[in-house]
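*Asks:* Sequence first, predicted model second:
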Amino acid sequence: MEKFKIRLQIFLAYKDLLKQLVAKDLKLKYRRSFLGYVWSVLNPLLVMIVMAIVFSTMFSRNIENFPVYLFCGQILFNYMTQSTNQAMNSINGNASLLKKTYVPKYIFTFAKITSGLVDLIFSMGALVIVMLATRAHFSWHFLLFPFVLVQLYGFCLGLGMFLAQANVFFRDIQYIYNAVTTAWLYLTPIFYPMDMLPDNLLWLIKHFNPMYFYIGQFRDIIYYNKIPGNMIILAGCGAAFIMLFIGTYTFLRNQDNFILYI
Amino acid sequence: MNDIMVDVKDVTIRFNLANQKVDNLKEYFIKLLKKELMFQEFLAVQNVSFQVKRGEAWALIGTNGSGKSTMLKAISGILKPYKGSITVNGKIAPLIELGAGFDGNMTARENIFLNGCLLGHSEKYMAEHFDEIVDFAELWKFLDSPIKNYSSGMRARLGFAIATMVRPDILIVDEVLAVGDVKFRKKCQQRMNEMLGHGTTLLFVSHSMEDVLDLCDHAIWLDKGKARMSGEVQKVCDAYLQAQGIK
């Protein structure tokens, strides 16, 4: 308990650093581009249009308003892969700094996941545009989206911390993770309807794919306009909690050794 | 008030040389199967003890690879000692190797805040000291251009201004001053003397005996990780130079 209190104090002392790092990521991403922050909305929108055109010829018969269906899955999954990939390199990338000065190391990992979340919220703007363009139905359920994002944020934070510490010791983790995310993408119902899957695979995905928990909930509130079921909420929170625990535990246990490897 | 700022007690720092060569899973498993993952111990610092009181300036001297920088890293909390304990009372500002904390794509203005926060200060504190920092670095004209366009001298000035303007209790300087030009070195030394006058404690690593004798009042001589001698700066330096066969 005492240890936890000290950790919290250190975190509070460095919370401005977290803010600075997140601001830095966002500023640098679109600096010197003509449209600036508009790109944050435009970029997912353009990718989305391409995907919608490609996939709507394949699956559109089974899914009503396919662009919104696709977009709901796409932005969440993109957030997960991009933020965790960047978090994975957050310790190695700041090696020169971490060798010279004492900073709580998780701040860098934290910052990457957080700036990804801000980007995701920009993408929500693009989602709204798509919904307006396709005349999708808006209901008050839409306002529940932060509830899903909090779960996903926790999950990504845990996964990011786990990957960041693993990548310090084993640099080939990034290549392995690339293959993992590709497999993961195809095992998550993002651009195909759920009922296309064979029964046993469907069962596995419904029970063991955390991204399904979050995308499922997100679609419930935005696409189907209903409150997600208890089980899927429980699974989502549970997965976030477990991942957060694994990430924090491995990170804190190994962080004193980082300096010897970076 | 506790007057001992840094208390180093019987500190040993250990590295595992064998482990550091393996940095990917493939090699790890190959070595695991071949049973080559043995422990190859290397003690960078062995049983070193010393106490630094408020306002003192200590120099760490010794040949290359004698553990000076390792010792400083342990004091600033980057490395954990294997045995012994290090107690630090007060705020430490390491003089980061000039510009290591800067992001080239950001402007000087943004970098001042980022760097200050890296040193553990709040945004509010940095806003209050902002003018002071830019004044010292003499960079008003270039405040909004990206740092990557700065000359190394300009970066150095800015880095030094940030690290010293924030008036830390303990300033750690590791062979940084050798980089700058004569005028800059003069200015830095002036600034450090001024800080010493205000009660800042200094830990200093340098191979320049001139700088050491000029700035410091105490010294510790490390030789292959062991403390050979510590105490008054002149005596330690003389003994060190004698052992090197210079004097």
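*Replies:* All right, it came through fine. Computed from a prediction, not measured in an experiment: that's the story for all the values here.
*Asks:* Around chain A, pick out the residues from chain B.
*Replies:* Counting by CB under 8 Å from any CB of the partner chain, the residues of chain B close to chain A are B:15-16, B:19-20, B:23-26, B:28, B:73, B:76-80, B:92, B:94, B:96-97, B:100-101, B:103, B:105-106, B:110, B:113-114, B:117-123. Quick note: C-beta positions are derived from backbone N, CA and C, even for glycine.
*Asks:* Would you mind checking the residues you listed for buried ones?
*Replies:* Buried members of these, scored by 16 or more other CB atoms under 10 Å in any protein chain shown, are B:15, B:19, B:23, B:25, B:28, B:73, B:76, B:78-79, B:92, B:94, B:96-97, B:100-101, B:103, B:106, B:110, B:113-114, B:117-122.
*Asks:* Out of the residues you listed, name the ones that lie in strands.
*Replies:* B:F15, B:I92, B:P94 (DSSP state E).
*Asks:* my read: the last one touches B:D174, true?
*Replies:* Yes: A contact is recorded between B:P94 and B:D174 when judged using CB atoms under 8 Å, the distance being 7.5 Å.
*Asks:* Between those two, which contacts overlap?
*Replies:* Jointly contacting B:P94 and B:D174 under the rule CB atoms under 8 Å, 6 or more residues apart in numbering or on different chains are B:L72.
*Asks:* so how far is stretch A:127-146 off the chain centroid?
*Replies:* Distance, stretch centre to chain centre, for stretch A:127-146: 20 Å (CA atoms, centre = their mean, to the nearest Å).
*Asks:* Name the residues that touch it?
*Replies:* A:41, A:45, A:48, A:65, A:67-68, A:71-72, A:75, A:124, A:218, A:220-223, A:225-227.
*Asks:* Repeat that for stretch A:23-37.
*Replies:* For stretch A:23-37, contacts defined as CB under 8 Å, 6+ apart pick out A:39-40, A:42, A:111-112, A:115, A:118-119, A:122, B:103, B:105-106, B:110, B:114.
*Asks:* Now render these as TSV, adding distance to A:F169.
*Replies:* Converted to TSV, the contacts of stretch A:23-37 look like this (distance: CB to CB, whole Å):
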residue	distance to A:F169
A:W39	36
A:S40	34
A:L42	39
A:A111	21
A:K112	19
A:S115	25
A:V118	30
A:D119	29
A:F122	34
B:D103	26
B:N105	30
B:M106	30
B:E110	33
B:L114	28
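*Asks:* Show me those that map onto helices.
*Replies:* A:W39, A:S40, A:L42, A:A111, A:K112, A:S115, A:V118, A:D119, A:F122, B:E110, B:L114 (DSSP state H).
*Asks:* ok, now how distant is the residue most central in space within chain A from A:F208?
*Replies:* Geometric centre of chain A, nearest residue: A:M80, 2.6 Å, by CA atoms, centre = their mean. From A:M80 across to A:F208, the span is 16 Å (CB to CB, to the nearest Å).
*Asks:* Please apply the same query to A:L163.
*Replies:* From A:L163 across to A:F208, the span is 19 Å (CB to CB).
*Asks:* Beyond the strand or helix carrying A:V47, next helix or strand please.
*Replies:* Assigned by DSSP states H and E, A:V47 belongs to helix A:38-59. Under the assignment DSSP H and E, the closest C-terminal helix or strand after helix A:38-59 is helix A:66-88.
*Asks:* Run through the strands of chain B in chain order.
*Replies:* Along chain B, counting by DSSP E, strands occupy B:4-16, B:41-53, B:57-61, B:83-88, B:92-94, B:170-174, B:201-205, B:218-223, B:226-232.
*Asks:* before we move on, the earlier item: need the max-distance pair from the contacts of stretch A:23-37.
*Replies:* The most widely separated members of those, counting by CB to CB, are A:L42 and B:L114 (27.6 Å).
*Asks:* these two touch, right, A:I262 and A:G93?
*Replies:* No: in this structure A:I262 lies outside contact range of A:G93 using CB under 8 Å: 9.5 Å.
*Asks:* mind listing what's buried in stretch A:38-56?
*Replies:* Residues of stretch A:38-56 classed as buried by neighbour count (16+ other CB under 10 Å): A:W39, A:S40, A:V41, A:L42, A:N43, A:P44, A:L45, A:V47, A:M48, A:M51, A:A52, A:F55.
*Asks:* ok, back up a step: what about A:L163 and A:F208, which has more around it?
*Replies:* A:L163 (24 against 12; other CB atoms under 10 Å in any protein chain shown).
*Asks:* ok, that one - contacts?
*Replies:* Counting by CB under 8 Å, 6+ apart, A:L163 touches A:T84, A:A87, A:M88, A:I173, A:Y177.
*Asks:* quick one: it from B:V88, how far?
*Replies:* Using CB to CB, we find A:L163 at a distance of 32 Å from B:V88.
*Asks:* on that earlier part again, please go through the buried residues of stretch A:38-56 and note which also touch chain B.
*Replies:* Near chain B, by the rule CB under 8 Å from any CB, you find none of these.
*Asks:* and which of the residues you listed is nearest to chain B?
*Replies:* The closest of those to chain B turns out to be A:W39 (CB to the nearest CB; 16.2 Å).
*Asks:* so who does A:I215 touch?
*Replies:* A:C72, A:G73, A:L76, A:F77, A:T188, A:P189, A:I190.
*Asks:* try it again with 6 Å
*Replies:* By CB atoms under 6 Å, 6 or more residues apart in numbering or on different chains, the contact list for A:I215 reads A:G73, A:L76.
*Asks:* so which strand or helix has it?
*Replies:* Assigned by DSSP H and E, A:I215 falls in helix A:210-222.
*Asks:* Report all helices and strands that the following helix or strand past that helix contacts.
*Replies:* Scanning forward in sequence from helix A:210-222 by DSSP H and E, the next helix or strand is helix A:230-254. Secondary structure elements in contact with helix A:230-254, counted by 3 or more CB pairs under 6 Å, 6 or more residues apart in numbering or on different chains; DSSP states H and E, are helix A:145-169, helix A:210-222.
*Asks:* Present those as TSV; the columns should include mean pLDDT.
*Replies:* Shown next, in TSV, are the helices and strands packed on helix A:230-254 (pLDDT from 0 to 100):
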stretch	mean pLDDT
helix A:145-169	95
helix A:210-222	95
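*Asks:* hmm, who's touching the helix holding A:V47?
*Replies:* Outside helix A:38-59, the residues within contact range by CB under 6 Å, 6+ apart are A:Y30, A:S33, A:F66, A:P67, A:L70, A:F71, A:F122, A:S123, A:G125, A:A126, A:F191, A:Y192.
*Asks:* That one: how far from the chain's middle?
*Replies:* That offset, for helix A:38-59, works out to 18 Å (CA atoms, centre = their mean).
*Asks:* tell me the angle that helix makes with helix A:66-88.
*Replies:* 120 degrees (axes from the mean of the first three to the mean of the last three CA atoms, to 10 degrees).
*Asks:* average pLDDT for helix A:38-59?
*Replies:* The pLDDT scores in helix A:38-59 average 82.
*Asks:* And for stretch B:140-155?
*Replies:* On average, stretch B:140-155 scores 85.
*Asks:* just stretch B:232-243 next, same as before
*Replies:* Taken as a whole, stretch B:232-243 has a mean pLDDT of 88.
*Asks:* So what's the residue count around A:Y192?
*Replies:* The number of residues packed near A:Y192 is 18, by other CB under 10 Å.
*Asks:* Quick check, pLDDT for it.
*Replies:* As summarised for this prediction, A:Y192 has a pLDDT of 84.
*Asks:* Tell me the secondary structure at it.
*Replies:* coil (DSSP: H, G, I helix; E, B strand; the rest coil).
*Asks:* Quick check: phi and psi on it?
*Replies:* Phi and psi for A:Y192, reported as degrees, to the nearest 10, are phi -130, psi 150.
*Asks:* show me what contacts A:K112?
*Replies:* Residues near A:K112 by CB under 6 Å, 6+ apart: A:Q86, A:A87, A:S90.
*Asks:* and the first one, how far is that from A:T109?
*Replies:* The spacing between A:Q86 and A:T109, counted by CB to CB, is 9 Å.
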